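After the sequence you'll find the predicted model.
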Amino acid sequence: MHPLPPFYDDLAAFRAEAWRRLAEGAETGRSPFHLPALATVDARGQPRLRTVVLRAADGETGTLRFHCDARSDKAREIEAGTPAALHVYDAGAKLQVRIEGHARLHRDDALAEAAWTGSRAMSRVCYGIDPPPGTPLADGGAYAMPDEDPDSRIGRENFGAVVVRAMRLDLLYLDRRGHRRAVFLREGEGWQGAWVAP
Ligand SMILES: Cc1cc2nc3c(=O)[nH]c(=O)nc-3n(C[C@H](O)[C@H](O)[C@H](O)COP(=O)(O)O)c2cc1C
């Protein structure tokens with residue numbers, strides 16, 4: 001049987017491991033942490049769920065970033081100020097991470113501009129889609145997308161970078177010898193963590 005991981009009975013190490021995996025996931029397309037599910041709440045109070053690409057995760061600030069079209073439902077839901085949550089499960093690492101927090105949409109500031117500049121042309125073209133995301137179409141292909149051009153700013157006005165400030169983390173590590181689950185709440189500059197029954 002494989003040795004227990006160093007974070008198995010160490011709360012601080014468990015939290016650090018989650019952020020390490022998230023940061024790695026933002027950099028690595030193959031990682032399950034690259035594609036978390038994002039939950040928001042719509043105007044009727046319904047939960048809404050979808051996949052996003054994780055672009056950055058920083059354990060120091062407890063923040064994560066993804067990009068979206070500012071014309072999309074998720075952008076409207078985030079701008080309405082409802083809470084957001086992210087979920088990811090890495091079957092290889094046997095680690096589930098659930099994050100709840102506040103999301104903020106950046107469109108016209110330096111953060112959004114840096115995120116746009118750092119995006120690849122193949123990603124940017126999505127923000128130039130016409131008509132806007134979610135518009136009913138006469139047939140599946142009845143929309144237009146701009147050509148890929150690294151110098152083009154087509155779609156920039158629709159581009160949004162979302163920063164999620166985590167307020168609560170719920171971590172679950174699966175092991176036949178006993179699962180480990182811990183909950184962390186943001187408190188001032190730091191985090192208050194406790195083991196909970198899985
Ligand atoms: C693998 C994958 C990655 C995706 N990445 C993103 C993303 O980074 N940002 C985004 O807005 N939508 C992304 N999407 C599309 C969303 O899941 C969703 O279908 C779309 O944004 C509309 O969501 P909304 O109507 O809730 O705004 C991705 C979908 C898949 C399958």
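The structure has been received and is ready for your questions.

which of the residues in stretch 60-79 are buried?
62, 64-75, 77-78 (16 or more other CB atoms under 10 Å). No exception for glycine: its C-beta is placed from N, CA and C like everyone else's.

now, which of those lie within strands?
Of the buried residues of stretch 60-79, the ones assigned to strands by DSSP state E are 64-69.

pLDDT averaged over the helix or strand hosting residue 23, what's the number?
Assigned by DSSP states H and E, residue 23 belongs to helix 11-27. Helix 11-27 comes out with an average pLDDT of 98.

got a list of contacts for that helix?
5-7, 31-34, 36, 54-59, 64-65, 88, 90, 93, 95, 97, 169, 171, 173, 180, 182, 184, 191, 193-195 (CB atoms under 8 Å, 6 or more residues apart in numbering).

and the gap between the closest residue to residue 133 other than its chain neighbours and residue 28?
By the measure of CB to CB, 6 or more residues apart in numbering, the closest residue to residue 133 outside its immediate chain neighbours is residue 72, 4.5 Å from it. Relative to residue 28, residue 72 is positioned 25 Å away (CB to CB, to the nearest Å).

who's residue 38 bridged to?
Per DSSP bridges, the residues bridged to residue 38 are residue 50, residue 86.

same deal with residue 164?
Bridge pairing for residue 164 - DSSP bridges - gives residue 64, residue 103.

wait, it sits on residue 105?
No - using CB atoms under 8 Å, residue 164 is not in contact with residue 105, being 10.6 Å away.

So the two - more neighbours on which side?
Using other CB atoms under 10 Å, the more surrounded residue of residue 164 and residue 105 is residue 164, with 26 against 17.
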